[in-house]
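Asker: curious how this folds, go ahead:
(one chain, ligands or ions: 2)
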Amino acid sequence: QPDDHKGYMSYALSLAEQSPPKPTNFRVGAVLVDTTKNEVLATGYTLELEGNTHAEQCCFIKLTRKHGVDEERLSEVLPQHMALYTTMEPCSNRLSGNLPCVQRILRLRGLIQTVYVGVMEPEKFVSENTGRIALQDAGITFVHVPGLEDSILKVATAGHA
Ligand SMILES: Nc1nc(=O)c(N)c(NC[C@H](O)[C@H](O)[C@H](O)COP(=O)(O)O)[nH]1
Ligand SMILES: [Zn+2]
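Answerer: Numbering: from 1, shown residues only. Ligands and ions are numbered 1, 2, ... in the order given. All right, here's what the predicted structure looks like:
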């Protein structure tokens with residue numbers, strides 16, 4: 001059913017729990033959903049794929065491999081109506097200098113109508129995450145799904161001292 005936001009967020013949390021703990025990032029899970037069919041298109045969790053990868057980034061990388069396109073051309077092969085569920089709001093700045101996930105999502109503006117987040121990013125690595133504003137300015141609806149905050153943060157910071 002279309003309003004199963006907590007269900008998808010719980011699923012994303014179960015993915016985050018698979019992420020190897022690390023002191024320099026958060027353990028996050030993400031699920032990209034085709035909202036027309038209410039089907040999962042891709043899942044990801046922090047460090048799932050090789051390199052210093054983010055959960056949302058892993059969803060996109062998997063789809064580039066499935067469709068044989070670069071991430072810049074994903075908009076040509078993906079459905080028109082998608083929602084991204086991520087346990088933590090997409091990053092707007094990464095201390096590693098890698099491309100932030102907000103920028104990756106903005107490449108799919110018009111195709112991803114809504115981003116659902118379990119928590120906002122704690123101010124541990126980046127002082128102020130400007131992702132929500134950037135996404136909203138691009139016409140993407142940004143929704144906080146309440147109820148899993150404590151669990152999400154516990155999992156996210158498990159690698160921290
Ligand atoms: N939404 C989100 N998904 C993730 O999978 C992840 N790890 C973060 N974490 C945000 C945090 O700000 C960055 O992890 C640090 O800024 C370090 O940057 P790197 O991860 O090393 O690029 N945020
Ligand atoms: Zn990110």
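Asker: drop to CA atoms for contacts and neighbour counts, all remaining ones
Answerer: Will do.
Asker: got the residue ranges for the helices in this structure?
Answerer: 5-16, 55-67, 101-106, 131-137, 149-156 (DSSP state H).
Asker: quick one, the first one and helix 149-156 angle?
Answerer: With axes from the mean of the first three to the mean of the last three C-alpha atoms, to 10 degrees applied, the angle from helix 5-16 to helix 149-156 works out at 20 degrees.
Asker: now swap in the second one and tell me
Answerer: With the same axes, to 10 degrees defining the directions, helix 55-67 sits at 70 degrees from helix 149-156.
Asker: can you tell me, leaving aside adjacent residues, what's nearest to T43?
Answerer: V31 (4.5 Å; C-alpha to C-alpha, 6 or more residues apart in numbering).
Asker: my read: the one you found touches T87, true?
Answerer: No: using C-alpha atoms under 8 Å, V31 is not in contact with T87, being 9.2 Å away.
Asker: the spatially most central residue of the chain - nearest residue in space that isn't next to it in sequence?
Answerer: For the chain, the residue sitting closest to the mean C-alpha position, by C-alpha atoms, centre = their mean, is E56 at 3.5 Å. Take E56 and drop its neighbours on the chain: the residue closest to it by C-alpha to C-alpha, 6+ apart is A30, 5.5 Å away.
Asker: L111: how many residues sit nearby?
Answerer: 19 (other C-alpha atoms under 10 Å).
Asker: right, and it touches Q80 too?
Answerer: Yes: with contacts counted by C-alpha under 8 Å, L111 reaches Q80, the gap being 4.6 Å.
Asker: look up how far ligand 1 lies from P20.
Answerer: 11 Å (C-alpha to the nearest ligand atom, to the nearest Å).
Asker: so what pLDDT did that residue get?
Answerer: Note on P20: pLDDT of 97.
Asker: cool, and H160?
Answerer: Taking H160 on its own, its pLDDT is 95.
Asker: quick one: contacts for it?
Answerer: Contact analysis of H160 by C-alpha atoms under 8 Å, 6 or more residues apart in numbering lists P21, K22, P23, T24.
Asker: quick one: which two of those are the most distant?
Answerer: Pairwise distances across those (C-alpha to C-alpha) peak at 9.1 Å, for the pair P21 and T24.
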